[in-house]
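Participant: what follows is a protein structure lacking sequence information:
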């Protein structure tokens, strides 16, 4: 089987071109700089302890004590044995971050269009439209790396599926298994779930088409092959998937044992997922749909740069700000006036690609059009969330797993994938001879009438249709006066007008390019070049407003995002083991330096989160004591921060005189308010209830060794006793050994560990030994071997068949 270099050369040129473009957009990486991402700053704080442990011991810890009093690291970048699909992922991301994600956007979409039999030049053009889509760049800017990572593999998964349905069974299977494995290794199950919804739409389109063409056996054969690929992909990621499945039950994403809220009100009926209010908190406004076409239709983001020639600049001056202060303030102007609580930037798909999408609607026929249009419409309607409650409630109540995810507006990643595909197929139809020029000209007229007509309508009647008033404008009026609020409105109108005019010009230039092609004034190559220039100008021009060279800093600042303040330095002098409750800073700053009661994570341990809501957030000293909060950091007017040493903290472990049982988790958590937790433990486990333990005056438990995944104590007590440990209870992994013998660990005080101890002296060891990691790693190894054998067998079969054909 010979491979022609001449056939490969164009693809190699495209490959190199994507590398150059990725590095050009994020050019500071060539100087050794790194992008400063807010979410990654928080991640570095939370992950500092486990990274330090790995660097010092060479071992991976699956538990960290750095945030929220302790939690598994499964969702904090844990590395697992035999995770060979991760090694493949790392090999594909050979460029420095974040250029690696942009390159994956490009190459994945390019392969997808090739699998749809699109010419390589148009495939490269489509890759530009997808890769530079504003939302995909914005999520990189703010540090949603796992989301960007997951989206980047969407096209590759679809490529494998489409090749399989095209009867390329072996190649389709290999790509699907590997791509799905890569998709799952990104560990962003919300994005993967949304991809699954699109695959369902695609599958329905192919099923209807197979039924009409009477090729149902081929359809079901393809589904069977894809099912095997899915099973293997799951096996490749078995450890991460099993660990996540185990952890989610104990996290805030799982159901609560409580029937009451912290304010005493009754909880909603028990649900296996998140509440509807939480799921739909970030719901896309219906009017915001036009952000896809006009970037600052709704003002852009919460911090737009409106420059010195703005009304807002003058408003700041009138409020007494200096010119320098006013100049800085207008760099982060609250221009967004939509319905969502926070918006960094608009989810702009591009005026040019939207125009091509509309153009394609009148030329493209068949299953391709309908699964792309179906996916686009479904994702748009679901992104409305509470603003389209009929569909959203249906999905929350009846579609499996949909209620596990929040921020429904992010499902628009599906339309951001579908729209460029159909847009490129508009050009495919333009260039082929299956449609006559009259049909193409008619499609062009319709596309111009719709897209340019919308832009002209908004330009003409903007003050009639919209008031440009945002949700926070009432607060601005109260705090800064009516003139300030009016200046905001006027600047929003200016942004609206400028970007609408920009969109109109881009639409007319795009339409003119197609018109000149139909009039034989331009050839295919020139049309592609013109559209490449228009798309890059359109999207990169908007992208650079939000993610540019200013986002990059020295590598040291990213790797060491926090510097110790006076309070940190004072606390760090204490080399014992304790927790810190920092009331001066949010996020994961305290976690970077200490074992903290605060942190930053989307899925905290549920019991700890409930403790926080009921007591810690209220500074309840009784609960802080049992969590061994030895140091409390508070604001100080002179020093910035001050340290309060809590001498009443219970310490790492202590013997109690009694273990009392209650009937329900509600009673257990409520009892903590007044419980004398130094002498009494409370539980819902009647089996360990004991009215009176004898604790002699010399009884003690001291820490001998303290690591994230291992704690060793020396116990001394004249009598059998019961000890409470100021560590979070987590039954799936933490094992207790007393003098080397495995003993049961009990949940006490709603969230802590309890242990029955023998009289005399004893060595107590807690080891985090998650069985799920051992089981998952074995499955991952077996799946890797099976996949490798199938790939070798498939390639041999393909080679032998081609050889027979050539002979």
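Facilitator: Received the coordinates, thanks. Bear in mind that the values here come from a model prediction, so they are computed numbers and not experimental data.
Participant: is it true that residue 454 touches residue 293?
Facilitator: Yes. At 7.2 Å, residue 454 counts as touching residue 293 under the criterion of C-beta atoms under 8 Å. Using the backbone N, CA and C atoms, a C-beta is placed for each residue, glycine as well.
Participant: now do the helices in the stretch 201-350 of the chain.
Facilitator: 216-236, 238-250, 276-279, 311-318, 323-329 (DSSP state H, counting those that start in this stretch).
Participant: nearest to residue 538, of those?
Facilitator: helix 311-318 (26.3 Å; C-beta to C-beta).
Participant: mean neighbour count, mean pLDDT and distance to residue 374 for the helices of the stretch 201-350 of the chain - can I get that in a markdown table?
Facilitator: As requested, those are exported to a markdown table (neighbours: other C-beta atoms under 10 Å; pLDDT from 0 to 100; distance: least, C-beta to C-beta, whole Å):
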| stretch | mean neighbour count | mean pLDDT | distance to residue 374 |
| --- | --- | --- | --- |
| helix 216-236 | 18 | 97 | 18 |
| helix 238-250 | 20 | 94 | 28 |
| helix 276-279 | 16 | 89 | 23 |
| helix 311-318 | 19 | 92 | 42 |
| helix 323-329 | 14 | 91 | 45 |
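Participant: out of those, which is closest to residue 7?
Facilitator: Residue 7 sits nearest to helix 216-236 of all the helices of the stretch 201-350 of the chain, at 26.5 Å, using C-beta to C-beta.
Participant: next, the angle helix 238-250 makes with the closest one.
Facilitator: Orientation check (axes from the mean of the first three to the mean of the last three C-alpha atoms, to 10 degrees): helix 216-236 against helix 238-250 gives 80 degrees.
Participant: where does the stretch 251-400 of the chain dip in pLDDT?
Facilitator: Applying pLDDT under 70 to the stretch 251-400 of the chain flags the ranges 269-272.
Participant: now do the same for the most centrally placed residue in the chain: its pLDDT.
Facilitator: In the chain, the C-alpha nearest the mean C-alpha coordinate belongs to residue 147, at 4.0 Å (C-alpha atoms, centre = their mean). The score at residue 147 is 95. That number is its pLDDT.
Participant: so which residues of the stretch 151-300 of the chain form strands?
Facilitator: Applying DSSP state E, counting those that start in this stretch to the stretch 151-300 of the chain gives no strands.
Participant: returning to that earlier point: for residue 590, find the nearest of the helices of the stretch 201-350 of the chain.
Facilitator: When these are compared for distance to residue 590 using C-beta to C-beta, the nearest one is helix 238-250, at 22.7 Å.
Participant: what about the closest one, distance to the chain center?
Facilitator: 17 Å (C-alpha atoms, centre = their mean, to the nearest Å).
Participant: check stretch 412-421 too.
Facilitator: The answer for stretch 412-421 is 18 Å, by C-alpha atoms, centre = their mean.
Participant: list the contacts of that stretch.
Facilitator: 109, 112-113, 116, 126, 129-130, 133, 135-136, 151, 154-155, 191, 194-195, 197-198, 284, 292, 347, 349, 353-354, 357, 372-373, 375-376, 378-380, 383 (C-beta atoms under 8 Å, 6 or more residues apart in numbering).
Participant: from those residues, which land in helices?
Facilitator: Among the contacts of stretch 412-421, DSSP state H puts 109, 112-113, 126, 129-130, 135-136, 151, 154-155, 191, 194-195, 197-198, 353-354, 357, 372-373, 375-376, 378-380, 383 in helices.
Participant: and those residues, which are buried?
Facilitator: 109, 112-113, 126, 129-130, 135-136, 151, 154-155, 191, 194-195, 197-198, 353-354, 357, 372-373, 375-376, 378-380, 383 (16 or more other C-beta atoms under 10 Å).
Participant: can you pull out the helices in the stretch 701-807 of the chain?
Facilitator: With DSSP H, counting those that start in this stretch as the criterion, the stretch 701-807 of the chain has helices spanning 771-806.
Participant: could you list the low-confidence segments of it?
Facilitator: 807.
Participant: before we move on, what about the stretch 451-600 of the chain?
Facilitator: Low-confidence regions of the stretch 451-600 of the chain, defined here as pLDDT under 70, do not occur.
Participant: for it, just list every one of the strands.
Facilitator: Ranges of strands in the stretch 451-600 of the chain, per DSSP E, counting those that start in this stretch, are 552-553, 579-582.
Participant: using CSV, lay out the ones you listed together with distance to residue 168 and mean neighbour count.
Facilitator: Converted to CSV, those look like this (distance: least, C-beta to C-beta, whole Å; neighbours: other C-beta atoms under 10 Å):
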stretch, distance to residue 168, mean neighbour count
strand 552-553, 42, 18
strand 579-582, 57, 23
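Participant: closest one to residue 526 among those strands?
Facilitator: Within the strands of the stretch 451-600 of the chain, the stretch nearest residue 526 is strand 552-553; the backing value is 35.9 Å (C-beta to C-beta).
Participant: report all helices and strands that the closest one contacts.
Facilitator: Here strand 552-553 touches strand 34-35, going by 3 or more C-beta pairs under 8 Å, 6 or more residues apart in numbering; DSSP states H and E.
Participant: each with direction, which strands does the strand it packs on pair with?
Facilitator: Partners of strand 34-35 in the sheet, by DSSP bridges, are strand 552-553 (antiparallel).
Participant: burial count for residue 694?
Facilitator: Using other C-beta atoms under 10 Å, residue 694 has 13 neighbouring residues.
Participant: who touches it in this structure?
Facilitator: Residue 694 touches 657, 718-719, 721, counting by C-beta under 8 Å, 6+ apart.
Participant: thinking again about what came up before, can you redo the helices of the stretch 201-350 of the chain as JSON lines with distance to residue 557?
Facilitator: What follows is those, written out as JSON lines (distance: least, C-beta to C-beta, whole Å):
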{"stretch": "helix 216-236", "distance to residue 557": "36"}
{"stretch": "helix 238-250", "distance to residue 557": "30"}
{"stretch": "helix 276-279", "distance to residue 557": "34"}
{"stretch": "helix 311-318", "distance to residue 557": "29"}
{"stretch": "helix 323-329", "distance to residue 557": "21"}
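Participant: wait, residue 298 sits on residue 287?
Facilitator: Yes. Counting by C-beta under 8 Å, residue 298 touches residue 287, with 6.8 Å between them.
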